[in-house]
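Novice: Pasting the sequence and the predicted coordinates here, then a few questions.
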Amino acid sequence: MWKFFTGVMVTFTFISENVSAMEFDFKPLASLCRVEVKLSTSFGSGSVRGTFGKIAGKIAFAPENPQDTNGRISLSSRSLRFNNAKIAYDSHSPEWLNSSKYPEISFQMNSLRAFSWHGRELRADADGTLTIKGNEKAVTIPMSIHYFRGQRRQYEGKAGDLLKIEGLLAIPISEFGLSAGAGIDGIGKEVEVMVSVTGASNQVRPLLPSPLFR
C-alpha cells in the first residue's frame, strides 16, 4: 500500500511540475480577439471608436501560481481603424502613431498581483511594460481571466484549453508621444483601451487541485 501511495504521489508531482504553467497563443483564435480604442472628442457624438485588426502574442498561465503569469501581446499599429475617416487617416500620422516608423504596439506582462478568485473567474492587476511609438512605460492593467478547459476543440477541432483575458486601461496621450495637434484635434487627454483576447493551448490541463476545478 505504501509503495502504491508513493507511486501516486510521484506521478502527481511529475504531472504538477510539467503543467504548472501552460502557454496560450492568441494567433489560432485571432477572430475571438479584440482590442478597441475609444477617443473622447469635442465634436460629433462625443467619442470615436477604433479597433486593431492584427493581434498576436503568447501568455504562460498556471491557476496554482497566478502571480507567475507572464507573456506578451503585440498589435500592428498599421491595422488600427476608426469609424471616422479623418481620424482613421490622421491616427497614422507622425504626430500620432507614426505607424510607418513604429509598426508595433506591445504590452509585456511581468506578473499578476492583488488577485482573487470569484468562482472560475480570476480578477487581478497585471503589471508590465507598455510600448507605444518607441516610448516604454510601466503600467498596471486590471484584468478578468476565465479558463475554459478542453474547449479549443469546439473552435478548431484540436485538443487544448482556452484562456480569455479582458482588461481596461486609460492611457495619457502625452506620456506616449501622441500629440493632439495638427492631425487629431479636439480629443481628451486620455485614450481608453478595452482588451478582450483569447489564447489557446496545445494540451488539455489535468484536473489538478486549483480554484478552477473545485
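Specialist: Happy to help now that I have it. Numbers count the residues shown, from 1 in each chain.
Novice: Skip the chain neighbours and tell me the closest residue to residue 55.
Specialist: residue 33 (4.6 Å; CB to CB, 6 or more residues apart in numbering). C-beta here means a position set from N, CA and C on the backbone, and glycine is covered the same way.
Novice: got the contact list for that neighbour?
Specialist: 26, 55, 196-198 (CB atoms under 8 Å, 6 or more residues apart in numbering).
Novice: Which of the residues you listed are buried? Put it as a PyMOL command.
Specialist: Remark: buried members of the contacts of residue 33, expressed as a PyMOL selection using 16 or more other CB atoms under 10 Å:
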select buried, resi 26+55+197+198
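Novice: And the furthest pair within the contacts of residue 33?
Specialist: 26 and 196 (11.0 Å; CB to CB).
Novice: what distance separates stretch 136-145 from the centre of its chain?
Specialist: On the basis of CA atoms, centre = their mean, to the nearest Å, stretch 136-145 is displaced by 9 Å from the centre of the chain it belongs to.
Novice: which parts of it are buried?
Specialist: Buried-residue list, stretch 136-145, by 16+ other CB under 10 Å: 141, 143, 145.
Novice: who's in contact with that stretch?
Specialist: So stretch 136-145 is contacted by 61, 66, 107, 112, 121-131, 163-169, 171, 175-176, 195 (CB under 8 Å, 6+ apart).
Novice: switch to 6 Å and redo it
Specialist: Residues outside stretch 136-145 that contact it (CB atoms under 6 Å, 6 or more residues apart in numbering): 121-127, 129-130, 165-167, 169, 175.
Novice: Please work out the average pLDDT along it.
Specialist: Average pLDDT, stretch 136-145: 95.
Novice: mind saving the C-alpha coords of that stretch as PDB?
Specialist: Extracted in PDB, the C-alpha atoms of stretch 136-145 (Å, rounded to 0.1, in the frame of the first residue of the first chain):
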ATOM      1  CA  GLU A 136       8.200  52.400 -22.800                       C
ATOM      2  CA  LYS A 137       6.100  53.000 -19.600                       C
ATOM      3  CA  ALA A 138       5.400  50.800 -16.600                       C
ATOM      4  CA  VAL A 139       1.600  50.300 -16.400                       C
ATOM      5  CA  THR A 140      -0.900  48.300 -14.400                       C
ATOM      6  CA  ILE A 141      -4.000  46.800 -16.100                       C
ATOM      7  CA  PRO A 142      -7.000  45.500 -14.100                       C
ATOM      8  CA  MET A 143      -7.900  42.100 -15.700                       C
ATOM      9  CA  SER A 144     -10.500  39.500 -15.600                       C
ATOM     10  CA  ILE A 145      -9.300  36.000 -16.600                       C
END
